[in-house]
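In: Sequence and predicted structure below; questions after.
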Amino acid sequence: MPWRNVIDAEELLDDPSVTGERVADWLRDAGVSDVSVQTVTGEKGTTDFLRAVIPGTNGRSAGGDAPTLGLIGRLGGIGARPEKIGIVSDGDGALTAIAAAAKLGIMRRRGDGLPGDVIVTTHICPNAPTRPHDPVPFMDSPVDINTMNNHEIDPAMDAVLSVDTTKGNRICNHQGFAITPTVKQGWILRVREDVLDVAAITTGAAPAVLAITNQDITPYGNGVFHINSLLQPAVATTAPVIGVAITTETAVPGSATGATSLTSVESATRFCIEVAKEFGAQRLHFYDTEEYQLLQDTYGSLDHLRGASRD
């Protein structure tokens, strides 16, 4: 159980002076040796992008052929200082990803290495701006979405779990986390049964599924409404992406403090770890390759929804 990792990560992040290097040092202490940090400055401030790799026993880093999972903690910022004091609801994505990385590092050090490599990325910003959004305000980010994707998407990722706070809506009224259908190159594919199984097992309850639309999988800045940035990684990769949305029964602003439920974060963290186990062992798949090819052959490519050319 990653409870201790979640609690310790929350204490680490709920600090106005936290930096990416401090988080990296904490992960190294947990057994994650391959951690790097890059500080990036945008029009609205500075943030630290963090990348951690947990090698698999049969992963590509060891010369094996097990697939690599990407785990992205998606957020605007972990804090909205000086406007708000303390960690904000929007920080749940980073909290989940960092806690999962720490737990995977400890597991590997003890001899419980996963079959495939896991690449964890997120960014650390304790003083991000906010911006208006309906029905509740969103957290903004010091850098734009393209910069985030450039630093958080790795070509080595064969599939991606994107974790993001998704509380500022009236679409999914559920306390805990919800998963999305698989998104790949403009296609919103069916929800995978094996992923639903993992969600049911880790929560002990019927899995929740977040409804998404074509608008949600198009690039930010195109003038249309997006539920949030949960599926923006799908714009920047051809790998299949599943969103892991941390949700609530009521609409909660991303900039709200005192709104992080560690119970929800812990269950999302366990879910991500279990998916990583099964995906690396090739017992879990993000999509049906034959069905996807049939859709392509029958209806053509939808890759233009990612912002690519229609040609």
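Out: Thanks, I have it. Residues are numbered from 1 along each chain as shown.

In: Which elements pack onto the lowest-mean-pLDDT helix or strand in the chain?
Out: Least confident helix or strand of the chain, by mean pLDDT, DSSP states H and E, is strand 138-139 with a mean of 79. Counting contacts by 3 or more C-beta pairs under 8 Å, 6 or more residues apart in numbering; DSSP states H and E, strand 138-139 packs against strand 130-131. The C-beta positions use only the backbone N, C-alpha and C, and glycine is treated the same way.

In: Direction included, what does the strand it packs on pair up with?
Out: strand 138-139 (antiparallel) (DSSP bridges).

In: contacts for the partner strand?
Out: 75-77, 80, 88, 90, 128-132, 168, 228, 253-255 (C-beta atoms under 8 Å, 6 or more residues apart in numbering).

In: Same check on stretch 191-203?
Out: Identification of contacts with stretch 191-203 by C-beta under 8 Å, 6+ apart yields 176-177, 179-182, 206-209, 242, 267, 270-271, 274-275, 278, 283-287.

In: Apply the buried test to these and list what passes.
Out: Buried residues within these, defined by neighbour count using 16 or more other C-beta atoms under 10 Å: 176-177, 179-182, 207-209, 242, 267, 270-271, 274-275, 278, 284-287.

In: Okay, helices next: where are they in the stretch 101-250 of the chain?
Out: 145-152, 193-203 (DSSP state H, counting those that start in this stretch).

In: what ranges do the strands span in the stretch 51-200 of the chain?
Out: Ranges of strands within the stretch 51-200 of the chain are 69-74, 118-124, 130-131, 138-139, 159-165, 176-179, 183-184, 187-188, based on DSSP state E, counting those that start in this stretch.

In: Quick one: closest of the ones you listed to P233.
Out: strand 159-165 (4.8 Å; C-beta to C-beta).

In: and that closest one, how far from the chain's centre?
Out: 3 Å (C-alpha atoms, centre = their mean, to the nearest Å).

In: what does that strand rub up against?
Out: 67, 69-75, 89-93, 96-97, 153, 228-234, 237, 239-246, 254, 268, 272, 275, 279, 286.
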